[in-house]
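Engineer: Take this sequence and fold it.
(chains A, B, C and D)
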There are 2 protein chains.
Amino acid sequence: MTDMDAYERLIKTFTPRDDLSSDDIALLRSMPLRIATYGKGEEIIAQDSEVSESCLMMTGWTGRAVYLESGKRQITALHIAGDFVDLHGFTLKYMDHSVVALTATQVAFVRHDELKKITHVSPHLTRLFWMLTTIDGAVQRTTIASLGRRPALERLGHLLCELDCRLSVVGLAQDHRYDVPLVQEELADILGLSVVHMNRTIQDLRKAGLVTWQGSRIVIHDFGKLTQFSGFDPRYLNFIKRER
Amino acid sequence: MTDMDAYERLIKTFTPRDDLSSDDIALLRSMPLRIATYGKGEEIIAQDSEVSESCLMMTGWTGRAVYLESGKRQITALHIAGDFVDLHGFTLKYMDHSVVALTATQVAFVRHDELKKITHVSPHLTRLFWMLTTIDGAVQRTTIASLGRRPALERLGHLLCELDCRLSVVGLAQDHRYDVPLVQEELADILGLSVVHMNRTIQDLRKAGLVTWQGSRIVIHDFGKLTQFSGFDPRYLNFIKRER
DNA sequence: CGAGCTTTTGAAGAACGTCAAGAGTTGTGG
DNA sequence: CCACAACTCTTGACGTTCTTCAAAAGCTCG
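Structural biologist: Numbers count the residues shown, from 1 in each chain, chains lettered A, B, ... in the order given. Okay, here's the model as predicted:
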């Protein structure tokens, strides 16, 4: 994990969803990448800015944050290793949100002119990059359903199930155990709750015996039970290999 | 409006965001379309199904509905003329939500093999189709921010501002007047509220003097005031012409 | 050890949901 | 054209969920 290079990281983002040809891989490897690091709390991309490159997560956690006029903040998405945080910037240019490093973070930037080149030479890779943005949309729809129709406890349970799946795929969770290096205020901004209610909801989840949660370490005791309780169905994550 | 053909409709979806060359237009016109109509309440695409075509809205209103185990429903997006409701199905195939006709509806289906062909022959059109799905993502992020951090009244105000903008572009709103052919239960499912609270929120909005709302007819008295009140910033809709 | 951050607790209130019923509207069949 | 059924909107009463304010307790790091 530690010494995985950025190209391998990128390749491993695609392979759970479709096979890559050796030409595909060679083309990916031909793209220049710019590695950058950020400290905890740093802003990687500013809300309302215009972008000409997009960033792939190597290590750490980032979030997409929307700051409202009221001073409130909503984190609309959480990103971990292998996620292309702002690939939508390739077609939009305008950033409707900021990207913040929630932990120390290493990312690899790809210039948009390189992505544009790919749309000219590889329809298949183009569709795969496109797919990454539509999977992102699927995750967002699930978030909308959670925020709109699930009470706090189920919302939290659903998030933990999603993180379990996503972290497992990149080797950051085993046996339904993983670290969530976020403070409760950040979790509250993800789940649309106040910090106080976030804290009480976590305690409720503990009391329900569904998870052990000490510091940043989370252990899900009965994953099936948690998925059922929170209405989690992993299919929206599209971890399925098919021709795309 | 009434006798606009499906190709014109499609072209008009792109042109507010980027210019099309005559080759682009010819290519779009070469795609076979299948026109279909649906009655109010009919399901156009079933949740959890696999799709091999995507549909462009010609007339009417549709919504993306997620049905939860609890029996609750969340409408994650609203679609009107010119919207490509399930273009993400091209890269995902799996539908994590259903598409329902909220009014009588006419749509044009495009087969995915035709879209695939486009990825082989037109990088530019490919990026434009891709853009439609990323704009969709931007709208979803705004929805997440609304559901997570805005109280009911502002949430409703924000929705009305968004609809005003989107309907105006396709000629279905003038002078901040338009029709919303939805019952309050549907609005509640969009805004994540109960029907009763939806009703009271609409009444609050009326009392605040911000809109007149009789039957399906909505008149926004002071659009600037409403945008300010609800924190609406239209930039996320990406109605800006630029090279994509 | 102390400052600053994070978690936790209590108490009070606001926002929103649920239940139940009445009023208004629309559509349909006789 | 009327009557009735079904749907939609509205209102009231009450309960629950969640927020806000305030402060205490625990943790971390220099």
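Engineer: okay, now the nearest residue to residue A:78 once chain neighbours are set aside: neighbour count?
Structural biologist: Sequence neighbours aside, residue A:63 is the residue nearest to residue A:78 in space, at 5.4 Å (criterion: C-beta to C-beta, 6 or more residues apart in numbering or on different chains). The way it works is simple: take the backbone N, C-alpha and C, and place the C-beta from them, glycine included. A count of neighbours around residue A:63, defined by other C-beta atoms under 10 Å in any protein chain shown, yields 22.
Engineer: Would you verify that residue A:63 is located in a strand?
Structural biologist: Yes: for residue A:63, which was evaluated using DSSP: H, G, I helix; E, B strand; the rest coil, the result is membership in a strand.
Engineer: any idea how far it is from residue A:10?
Structural biologist: Noted for residue A:63: a distance of 21 Å to residue A:10, by C-beta to C-beta, to the nearest Å.
Engineer: ok, now residue A:88?
Structural biologist: Here the criterion is C-beta to C-beta. By it, residue A:88 lies 17 Å from residue A:10.
Engineer: Same question for residue A:83.
Structural biologist: 11 Å.
Engineer: who's the residue positioned nearest the centre of chain A bridged to?
Structural biologist: The central residue of chain A, meaning the one whose C-alpha is nearest the mean C-alpha position (C-alpha atoms, centre = their mean), is residue A:79 at 2.7 Å. The residues paired with residue A:79 through beta bridges, assigned by DSSP bridges, are residue A:62.
Engineer: In terms of pLDDT, where does it sit?
Structural biologist: Note on residue A:79: pLDDT of 98.
Engineer: before we move on, what about residue A:148?
Structural biologist: Residue-level confidence at residue A:148 comes out at 98, pLDDT.
Engineer: Okay, now the unreliable bits of chain A?
Structural biologist: Counting by pLDDT under 70, the low-confidence segments of chain A come to A:1-3.
Engineer: near DNA strand C, which residues of it?
Structural biologist: Counting by C-beta under 7 Å from any atom of the strand, the positions of chain A adjacent to DNA strand C are A:183, A:184, A:185, A:195, A:196, A:199, A:200, A:202, A:203.
Engineer: Now which of the residues you listed would you call buried?
Structural biologist: When neighbours are counted using 16 or more other C-beta atoms under 10 Å in any protein chain shown, the residues of chain A next to DNA strand C contain these buried positions: residue A:202.
Engineer: Now tabulate the residues of chain A next to DNA strand C in TSV and tack on secondary structure.
Structural biologist: What follows is those, written out as TSV (three-state DSSP):
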residue	secondary structure
A:183	coil
A:184	helix
A:185	helix
A:195	helix
A:196	helix
A:199	helix
A:200	helix
A:202	helix
A:203	helix
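Engineer: Kindly present the residues of chain A next to DNA strand C as TSV, with separate columns for distance to DNA strand D.
Structural biologist: Conversion of those to TSV gives the following (distance: C-beta to the nearest atom of the strand, whole Å):
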residue	distance to DNA strand D
A:183	10
A:184	11
A:185	11
A:195	7
A:196	3
A:199	9
A:200	7
A:202	12
A:203	12
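Engineer: element containing residue A:139?
Structural biologist: helix A:123-149 (DSSP states H and E).
Engineer: Hmm, residue B:74 and residue A:144 touching each other?
Structural biologist: Yes: under the contact definition of C-beta atoms under 8 Å, residue A:144 touches residue B:74, with a separation of 6.3 Å.
Engineer: Need the residues touching each of residue A:83 and residue A:10.
Structural biologist: Shared between the contact lists of residue A:83 and residue A:10 (criterion: C-beta atoms under 8 Å, 6 or more residues apart in numbering or on different chains) are residues residue A:56.
Engineer: shared neighbours, residue A:144 and residue B:74?
Structural biologist: Taking C-beta under 8 Å, 6+ apart as the contact rule, residue A:144 and residue B:74 both touch residue B:66.
Engineer: now do the same end-to-end measure for stretch A:227-244.
Structural biologist: According to C-alpha to C-alpha, to the nearest Å, stretch A:227-244 extends 28 Å from its N-terminal end residue to its C-terminal end residue.
Engineer: cool, and stretch A:72-91?
Structural biologist: Counting by C-alpha to C-alpha, you get 28 Å between the two ends of stretch A:72-91.
Engineer: And stretch A:147-154, by the same measure?
Structural biologist: Stretch A:147-154 stretches 10 Å from its first residue to its last (C-alpha to C-alpha).
Engineer: Repeat that for stretch A:230-244.
Structural biologist: End-to-end distance for stretch A:230-244, by C-alpha to C-alpha: 30 Å.
Engineer: Mind checking if stretch A:36-48 is in reach of chain B?
Structural biologist: Yes: judged by C-beta under 8 Å from any C-beta of the partner chain, stretch A:36-48 and chain B are in contact via residue A:48.
Engineer: Show me how the record splits chain A into domains.
Structural biologist: A:6-144, A:151-237 (automatic domain parsing).
Engineer: can you list these in CSV and add distance to residue B:48?
Structural biologist: Compiled in CSV, those are given as follows (distance: least, C-beta to C-beta, whole Å):
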stretch, distance to residue B:48
domain A:6-144, 12
domain A:151-237, 7
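Engineer: so of those, which one's packed in deepest?
Structural biologist: Relative to the other members of those, domain A:6-144 carries the highest mean neighbour count by mean count of other C-beta atoms under 10 Å in any protein chain shown, namely a mean of 19.
Engineer: near DNA strand D, which residues of chain A?
Structural biologist: With the criterion set to C-beta under 7 Å from any atom of the strand, chain A comes near DNA strand D through A:151-153, A:192-198, A:200-201, A:215.
Engineer: Next step: those restricted to helices.
Structural biologist: Those of those mapping onto helices are A:152, A:153, A:195, A:196, A:197, A:198, A:200, A:201, per DSSP state H.
Engineer: Can you name the two of the residues you listed that sit furthest apart?
Structural biologist: In those, two members sit farther apart than any others by C-beta to C-beta. They are A:153 and A:195, at 16.1 Å.
Engineer: Run the contact check for the helix holding residue A:139 versus chain B.
Structural biologist: Yes: remark: helix A:123-149 sits within contact range of chain B at A:123, A:126-127, A:130-131, A:133-138, A:140-145, A:147-149, by C-beta under 8 Å from any C-beta.
Engineer: Next, the angle helix B:123-149 makes with that helix.
Structural biologist: 20 degrees (axes from the mean of the first three to the mean of the last three C-alpha atoms, to 10 degrees).
Engineer: How far off centre is helix A:123-149?
Structural biologist: From the chain centre to the centre of helix A:123-149 is a distance of 11 Å (C-alpha atoms, centre = their mean, to the nearest Å).
Engineer: for residue A:101, what are its contacts?
Structural biologist: Residues counted as contacts of residue A:101 (C-beta under 8 Å, 6+ apart) are A:38, A:39, A:40, A:41, A:42, A:43, A:44, A:60, A:61, A:62.
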